[in-house]
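[1] Quick one, what's the 3D model for this:
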Amino acid sequence: MHPEPAFPTLTKAADGLPQNGAVDAADADALATGIDELVEVTARVRAAVESVVSGRPSLAWLTVAVLLAEGHLLIEDVPGVGKTTLAKALARSVDCQVGRIQFTPDLLPSDLTGVNIFRAQTHEFEFRPGPVFNNIVIGDEINRASPKTQSALLECMEEGQTTVDGTSHRLPRPFIVVATQNPVEMEGTYPLPEAQRDRFTARLTVGYPDTAAELLMLDRQEALSPLAHLSPVTTGATVLRLAELVRHVHASPAVKQYVLDVVGATREHPALRLGASPRASLQLLKVAKASAAMDGREYVLPDDVQQLAVHVVAHRLILTTEARLAGTTTQGVVTQIVERTPVPAASPGRR
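    Purely as a prediction, here's the structure:
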């Protein structure tokens with residue numbers, strides 16, 4: 001276990017800084033020091049994840065970026081490509097409370113959130129928390145449960161709390177749901193409601209590994225699962241401090257407008273019946289800040305937005321019937337929008 005660094009506390013929020021880039025020298029030094037520590041810690045987490053899911057570093061990068069943005073991750077692909085392994089690798093890399101839920105058609109909402117149990121000895125009800133009362137919640141095959149059960153996560157993911165029998169209970173922080181799902185055309189699946197898809201910060205597709213990565217997997221897992229040797233490289237408290245630091249990464253007005261232009265274009269695209277929500281704009285900027293910090297920068301570039309747009313926006317969109325029949329995909333639509341949206345001429349960092 002590596003020693004955990006003490007992260008500095010900033011005294012000003014990023015949006016409260018002067019627009020000309022001027023910043024208090026003490027805050028600038030604290031942010032720079034914090035970014036250095038963030039790069040070191042996240043590199044350890046990514047290395048731990050990549051030791052299990054080899055040959056696909058972009059998966060680890062996006063997973064850690066969503067973690068720092070205090071978001072939720074949806075991993076979608078066919079069975080057997082490592083969706084659950086990726087989720088477990090992240091959970092084992094962070095020393096915090098982890099809960100796992102195997103979604104099935106007979107799962108009830110109370111199986112997720114918890115239930116009040118009557119104690120005859122005290123003549124009182126006692127709340128028994130469910131698996132959502134953990135820092136990292138792994139939802140395996142989330143779209144095999146009924147829509148009623150899936151919707152039990154809506155309040156948890158958006159408000160960080162759950163309500164049982166009229167009483168609200170706060171969830172621990174950090175709180176991240178890492179859910180896996182099979183393609184909707186497979187047997188025994190229910191499509192996720194639009195409201196729930198919108199609460200997932202990003203969606204990634206694992207995909208099949210290339211030949212070299214699959215050969216490495218065969219060598220590593222011939223005798224023992226690599227998850228068995230994976231040890232925590234950071235703590236939940238450190239992740240929470242890092243997430244607070246990410247909020248102070250600077251996004252210029254031009255970059256914010258670029259985010260709005262990309263997201264806004266989905267609401268007018270002829271191939272889409274439903275465009276991205278304002279929540280998509282907020283989460284795209286948050287993940288872009290996290291990605292910039294992981295890259296060692298104190299400011300966001302349009303490149304950060306471009307690289308993340310498909311992962312953050314595409315799963316929120318709904319195609320028109322004509323576009324779907326023509327073979328159009330939401331990923332393709334977002335890629336087209338990014339290519340056509342003018343990039344800000346200059347996006348300077350802080351001075």
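
[2] Now do Gln150 against Leu59, distance only.
    According to CB to CB, to the nearest Å, Gln150 stands 24 Å off from Leu59. C-beta: built from backbone N, CA, C; applies to glycine.

[3] right, I mislabeled it, should have said Asp210
    Separation of Asp210 from Leu59 (CB to CB): 13 Å.

[4] Those two: who's more crowded?
    Comparing Asp210 with Leu59 by other CB atoms under 10 Å, the one with more neighbours is Leu59, at 21 against 11.

[5] what residue ranges in the protein score low on pLDDT?
    Residue ranges of the chain with pLDDT under 70: 1-26, 55, 184-188, 221-223, 346-351.

[6] swap the cut-off to 50 and go again
    By pLDDT under 50, the low-scoring segments of the chain are 1-23, 347-351.

[7] Show me it divided up by domain.
    As given by automatic domain parsing, the domain ranges for the chain are 17-248, 250-345.

[8] And the helices in the stretch 1-150 of the chain?
    Using DSSP state H, counting those that start in this stretch, the helices of the stretch 1-150 of the chain run over residues 25-50, 57-68, 83-93, 109-113, 147-150.

[9] Can you say which of those helices is nearest to Thr201?
    With CB to CB as the criterion, Thr201 lies closest to helix 57-68 of the helices of the stretch 1-150 of the chain, at 5.2 Å.

[10] what about the closest one, distance to the chain center?
    Relative to its parent chain, helix 57-68 has a centroid offset of 8 Å by CA atoms, centre = their mean, to the nearest Å.

[11] Strands of this protein, residue ranges please.
    Using DSSP state E, the strands of the chain run over 73-76, 94-95, 98-102, 114-119, 124-129, 136-140, 161-164, 167-170, 176-181, 202-204, 234-235, 272-274, 318-319.

[12] Ok, which of those comes nearest Ala65?
    Nearest to Ala65 among the strands of the chain is strand 202-204 (7.9 Å), distances taken as CB to CB.

[13] can you give me phi and psi for Thr201?
    phi -60, psi -40 (degrees, to the nearest 10).

[14] if I look at the residue found closest to it once you drop the neighbours it is linked to in the chain, how far off is Leu62?
    Nearest in space to Thr201, with sequence neighbours left out and distances taken as CB to CB, 6 or more residues apart in numbering, is Gly71 at 2.8 Å. Per CB to CB, Gly71 is found 10 Å from Leu62.

[15] Quick check: neighbours shared by these two?
    In terms of CB atoms under 8 Å, 6 or more residues apart in numbering, Gly71 and Leu62 are both contacted by the residues Ala202.

[16] who's in contact with the nearest residue to Ala323 once chain neighbours are set aside?
    Sequence neighbours aside, Ala271 is the residue nearest to Ala323 in space, at 3.8 Å (criterion: CB to CB, 6+ apart). For Ala271, the contacting residues are 319-320, 322-323, 328, 333, by CB under 8 Å, 6+ apart.

[17] what's the most distant pair in those?
    Taking CB to CB as the measure, the contacts of Ala271 span a maximum distance of 13.1 Å, between Glu322 and Val333.

[18] Which one's more surrounded, those two?
    Val333 (23 against 11).

[19] Give me the nearest residue to the more buried one, chain neighbours excluded.
    Nearest non-adjacent residue to Val333, counting by CB to CB, 6+ apart: Ala271, 5.5 Å away.

[20] still on that earlier bit, adding mean neighbour count and distance to Arg44 as columns, could you present the strands of the chain in JSON lines?
    Compiled in JSON lines, the strands of the chain are given as follows (neighbours: other CB atoms under 10 Å; distance: least, CB to CB, whole Å):
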{"stretch": "strand 73-76", "mean neighbour count": "24", "distance to Arg44": "19"}
{"stretch": "strand 94-95", "mean neighbour count": "20", "distance to Arg44": "10"}
{"stretch": "strand 98-102", "mean neighbour count": "18", "distance to Arg44": "18"}
{"stretch": "strand 114-119", "mean neighbour count": "13", "distance to Arg44": "33"}
{"stretch": "strand 124-129", "mean neighbour count": "13", "distance to Arg44": "30"}
{"stretch": "strand 136-140", "mean neighbour count": "24", "distance to Arg44": "17"}
{"stretch": "strand 161-164", "mean neighbour count": "17", "distance to Arg44": "31"}
{"stretch": "strand 167-170", "mean neighbour count": "12", "distance to Arg44": "29"}
{"stretch": "strand 176-181", "mean neighbour count": "26", "distance to Arg44": "18"}
{"stretch": "strand 202-204", "mean neighbour count": "23", "distance to Arg44": "21"}
{"stretch": "strand 234-235", "mean neighbour count": "19", "distance to Arg44": "7"}
{"stretch": "strand 272-274", "mean neighbour count": "16", "distance to Arg44": "39"}
{"stretch": "strand 318-319", "mean neighbour count": "16", "distance to Arg44": "39"}
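
[21] Tell me which of those lies nearest to Tyr299.
    strand 202-204 (21.0 Å).

[22] and the closest one, how far out from the chain's middle?
    7 Å.

[23] swap in stretch 92-104?
    Using CA atoms, centre = their mean, the mean C-alpha position of stretch 92-104 is found 15 Å from that of the whole chain.
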